[in-house]
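Engineer: Starting from these lines, generate the structure:
(one chain, ligands or ions: 1)
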Amino acid sequence: MTTSREEKHEFKAEVSALLRLVTNSLYTNREIFLRELVSNASDALDKARFQGLTDTNLRDRHEKAQIKVVADHARGVLTIEDTGVGMTRDEIALNLGTIAHSGTLKFMEQARAQQESGQKPDVNLIGQFGVGFYSAFMVADRIDVTSLSAAEGAEAVHWSSTGDGTFSVGPAQRSTRGTTIELHLKPDAKEFLDRWKIEGIIKRYSNYVVHPILLKVVDDKGNTEVDGKQVNDATAFWMRPTRELTDADYNEFYKHVMGGFVLPGDEPLGHLHLHADAPIQFVALLYIPGKPPADLFQEDRKALQLYARRVVVMESCDKLLPGYLRFVRGVVDSEDLPLNVSREMLQEHSALTSIRRQLSRKVLKLLEGIAKDKPETYEKIWDNYGAVLKEGIHTDSTHHDDLVELLRYRTSADDKLVSLAQYVETMPEGQPAIYYITGESLAAVARSPHLEACRARGYQVLYMADPIDEWVVQDLSEYKGKKLVSVTQGDLDIPEDEQHKHDAGAIAAAVDKSKQLLTDKVKDVRVSKRLRESAACLVDDSGGLSRNMERILKMARQDVPTRQRILELNPEHPFVQAVDKLAREAPSDDRLGTYVELLYDQAALAEGQVPDPAGLLKRFNSVLSGTIKI
Ligand SMILES: Nc1ncnc2c1ncn2[C@@H]1O[C@H](COP(=O)(O)OP(=O)(O)OP(=O)(O)O)[C@@H](O)[C@H]1O
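Structural biologist: Residues are numbered from 1 along each chain as shown. Purely as a prediction, here's the structure:
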């Protein structure tokens, strides 16, 4: 709805809080405000270009796409102007007064957490949270926005605020579509009128913006000093031939892809620059980010940018790579995509499927190459994205074998990551299977008694501590003819060494007594082949859900029944032997109940669980008091 009156509005509470933070406490890196406003202008130009392809009624359809930055020393005003889609009255009040998405809150949470831990809130990442516009209040004590929407019939609108909790919206004069943002610079921010400073900032942060950024400078007497000098490159970086580009160039463009800024030390761990001709013609420039993007596990995460002949057609297109490669960021530009269709139709276009097929293969090849030639870099990739990549084992049967070769695990041998190929190569002679253990964390699996027999035989056990590993092992029953065997499930079939050979009836009395006394706690009791030092452990049946899987499903609020487990006793353990002796010689001795319970307690404790702490203490003390002789 349009109205000719000037109206005052209050910012939504979270915007006010954000503004207080931005205007009062952040004085490092103030220059990023320009990057944010230029990026908004560029987005608005992209939108206009895209809408103009299908909407013949769009205002100023053939208007030249450009961004103008005007430094007016006489007025003390810095202006950023674009010929983009503009905003209607309703849009301006919504976009610059409330928050259409949850970005502000997330940004505030992060800033607050930084403040609480004694750090300065990092304003640099403000753009990643979708609240970049407000960063302009770091340098301006008043902002005037004039905009004319490209929509048919829209009227020009003026927005103004001093960032103090309110803003006003009213009519304006403007004849061509686009947006002008006037920053009335604070007395201590006049440096942002300096020509060289502005050029430096634009080159640093916005060089790869594909629209020309033109600079005009007016001196303090009102004379034009510079008129319309183009400051940025304004070329599509990805169209340049690979042979002309250096690693430094690629790293620069990486910053652009990541939204203009990356944290210190965040250099891409690899990149892929692909010029493909058949069956679809496209160029892709993809990066493996040095630091995991914050939205990696969010539904609305960013994906690759899709261009059709240098025009952005989708800011974030998740059809170009499978979900398990979602950490890859970059640009895809195709000659073969129709420009004059809706976004929905584009999403379903067959060219995307073909591009996705090629990109998936190439990214996996890139990873394979890094794993082979730069194992240390690959370890970083694995630590950052291994849990995401593993999803592919379960979801992508086409690339199953390639993905299996990319798997890395820490093992019971040491802290190094190994591939399955390395594991098999270094297996001692006679080792019949590949052993693994799944659990809640690396620390938890490392102290598990289930590893004892494998350790004693010199067999490495793969540590699987990501929830997704439970699905991986379901889809990977064997590798190079060797079965993958869980050390926590089933009757572990490890060849026994001479020293530890014992017959199944070795501790028959202890086993029988435990079965009898623990009927409501365990499904069965048996002699263990996997224990060497510990007295007892709990194992799962072979097949069926593992204990860890049960835990994961319960955390995901799925209704899974708790299955009873099997208690295994170590026939070489003195406590087990003592219980066995007592059970044979005095089967009705009252103490047997306590001892057998204690065996069960130990097994549960080894897994970090104490089902009955009070009972455990009582049992513990009754045994201790019996042993201390004064
Ligand atoms: N120059 C402009 N032309 C048209 N719309 C604009 C312009 N500047 C801002 N807007 C609108 O205001 C909204 C809020 O801008 P803001 O910079 O705060 O966040 P954002 O642009 O959504 O996030 P990000 O900067 O991370 O892309 C934008 O999404 C856009 O709709």
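
Engineer: what's Ser42 sitting at in phi/psi?
Structural biologist: phi -60, psi -40 (degrees, to the nearest 10).

Engineer: what sits against it?
Structural biologist: Taking Cβ atoms under 8 Å, 6 or more residues apart in numbering, we find Ser42 in contact with Ile67, Asp82, Ser206, Val209, Val210, His211. The way it works is simple: take the backbone N, C-alpha and C, and place the C-beta from them, glycine included.

Engineer: let's see it at 7 Å
Structural biologist: Ser42 makes contact with Ile67, Val209, His211 under the criterion Cβ atoms under 7 Å, 6 or more residues apart in numbering.

Engineer: Show me which of the residues you listed is closest to the ligand.
Structural biologist: Of all those, Ile67 has the smallest distance to the ligand: 8.8 Å, by Cβ to the nearest ligand atom.

Engineer: And that closest one, how close does it get to Ser206?
Structural biologist: Remark: distance between Ile67 and Ser206 (Cβ to Cβ, to the nearest Å) = 9 Å.

Engineer: quick one: which of those two has more around it?
Structural biologist: Higher neighbour count among Ile67 and Ser206: Ile67, with 29 against 26, using other Cβ atoms under 10 Å.

Engineer: ok so, going back, now do the shared contacts for Ile67 and Ser206.
Structural biologist: Counting by Cβ under 7 Å, 6+ apart, the common neighbours of Ile67 and Ser206 are Val38, Ile213.

Engineer: Leaving out the residues flanking it, which one is nearest to the residue positioned nearest the centre of the chain?
Structural biologist: Among the residues of the chain, the one closest to the centroid is Leu296, at 2.3 Å (Cα atoms, centre = their mean). Distances taken as Cβ to Cβ, 6 or more residues apart in numbering place Phe327 nearest to Leu296, at 6.0 Å, with adjacent residues excluded.

Engineer: measure the one you found to the ligand for me?
Structural biologist: 19 Å (Cβ to the nearest ligand atom, to the nearest Å).

Engineer: you'd agree that residue is up against Tyr287?
Structural biologist: No. Contact between Phe327 and Tyr287 fails when scored by Cβ atoms under 7 Å: they sit 9.6 Å apart.

Engineer: what about these two, which has more around it?
Structural biologist: More crowded of Phe327 and Tyr287, by other Cβ under 10 Å: Tyr287, with 23 against 19.

Engineer: Please report phi then psi for the more buried one.
Structural biologist: phi -130, psi 150.

Engineer: hey, what's it bridged with?
Structural biologist: Tyr287 has these beta-bridge partners by DSSP bridges: His271, Arg329.

Engineer: Measure how far stretch 523-537 is from the centre of its chain, please.
Structural biologist: Relative to its chain's centre, stretch 523-537 lies at 40 Å (Cα atoms, centre = their mean, to the nearest Å).

Engineer: nope, stretch 40-60 is what I meant
Structural biologist: 32 Å.

Engineer: Check stretch 297-308 too.
Structural biologist: 12 Å.

Engineer: Could you give the number of residues near the closest residue to the ligand within the stretch 251-400 of the chain?
Structural biologist: With Cβ to the nearest ligand atom, the shortest gap between the stretch 251-400 of the chain and the ligand falls at Gly259, namely 6.7 Å. Residues near Gly259, counting by other Cβ under 10 Å, number 20.

Engineer: repeat for Ala536
Structural biologist: 26.

Engineer: buried stuff in the helix or strand that contains Arg357?
Structural biologist: Under the criterion of DSSP states H and E, Arg357 resides in helix 350-373. In terms of neighbour count (16 or more other Cβ atoms under 10 Å), helix 350-373 has its buried residues at 351-352, 354-356, 358-360, 363-364, 366-367, 370-371.

Engineer: Over to stretch 301-311?
Structural biologist: Lys302, Ala303, Leu304, Gln305, Leu306, Tyr307, Ala308, Val311.

Engineer: what does that stretch rub up against?
Structural biologist: Contact with stretch 301-311 is made by 49-50, 210, 236, 293, 295, 312-318, 320-321, 326, 329-335, 337, 339, as judged by Cβ under 7 Å, 6+ apart.

Engineer: 8 Å instead, please
Structural biologist: Under Cβ under 8 Å, 6+ apart, the answer for stretch 301-311 is 46, 49-50, 53, 210, 236, 239, 257, 284, 286, 293, 295, 312-318, 320-321, 326, 328-335, 337-339, 346.

Engineer: Could you pull up the mean pLDDT of that stretch?
Structural biologist: For stretch 301-311, mean pLDDT rounds to 85.

Engineer: ok, now stretch 159-179?
Structural biologist: Mean pLDDT, stretch 159-179: 93.

Engineer: wait, does it make contact with the ligand?
Structural biologist: Yes. Under the criterion of Cβ under 6 Å from any ligand atom, the ligand is reached by stretch 159-179 at Thr179.

Engineer: Kindly check the end-to-end length of that stretch for me.
Structural biologist: Using Cα to Cα, to the nearest Å, one end of stretch 159-179 lies 11 Å from the other.

Engineer: buried residues in that stretch?
Structural biologist: Neighbour-count burial for stretch 159-179 flags Trp159, Ser160, Ser161, Thr162, Gly163, Phe167, Val169, Ala172, Arg174, Arg177, Gly178, Thr179 (criterion: 16+ other Cβ under 10 Å).

Engineer: Give the next helix or strand downstream of the lowest-mean-pLDDT helix or strand in the chain.
Structural biologist: Sorting the helices and strands of the chain by mean pLDDT, DSSP states H and E puts helix 103-116 at the bottom, at a mean of 64. Scanning forward in sequence from helix 103-116 by DSSP H and E, the next helix or strand is strand 140-148.

Engineer: Tell me which residues are up against the helix or strand that that following strand is followed by.
Structural biologist: Reading on from strand 140-148 to the C-terminus, the next helix or strand found by DSSP H and E is strand 157-161. Strand 157-161 is contacted from outside by 6, 11, 87-89, 92-93, 96, 142-149, 167-172, using Cβ under 8 Å, 6+ apart.

Engineer: From Arg619, how far off is Leu598?
Structural biologist: The gap separating Leu598 from Arg619 is 5 Å, by Cβ to Cβ.

Engineer: hmm, I was thinking of Ser354
Structural biologist: 67 Å.

Engineer: just for the stretch 101-250 of the chain, where's the confidence low?
Structural biologist: Applying pLDDT under 70 to the stretch 101-250 of the chain flags residues 101-112, 114-115, 118-131.

Engineer: again, but for the stretch 501-630 of the chain
Structural biologist: Low-confidence segments of the stretch 501-630 of the chain (pLDDT under 70): 501-504, 629-630.

Engineer: That one: helices as residue ranges?
Structural biologist: 508-517, 547-555, 574-585, 591-606, 613-627 (DSSP state H, counting those that start in this stretch).

Engineer: Start and end of stretch 563-573, how far apart?
Structural biologist: Stretch 563-573 end-to-end distance (Cα to Cα) = 27 Å.

Engineer: now swap in stretch 235-246 and tell me
Structural biologist: This stretch, stretch 235-246, spans 17 Å end to end (Cα to Cα).

Engineer: can you list contacts of that stretch?
Structural biologist: Identification of contacts with stretch 235-246 by Cβ under 8 Å, 6+ apart yields 208, 210, 249, 253, 256, 273, 275, 283-285, 307, 310, 331, 333.

Engineer: coming back round to it: give me the residues contacting the helix holding Arg357.
Structural biologist: Residues contacting helix 350-373 (Cβ under 8 Å, 6+ apart): 269-270, 272, 274, 276, 279-280, 282, 284, 286, 288, 317, 319-322, 325, 328, 332, 334, 336-337, 346, 377-378, 381, 389, 396, 399, 402-403, 405-406, 419.
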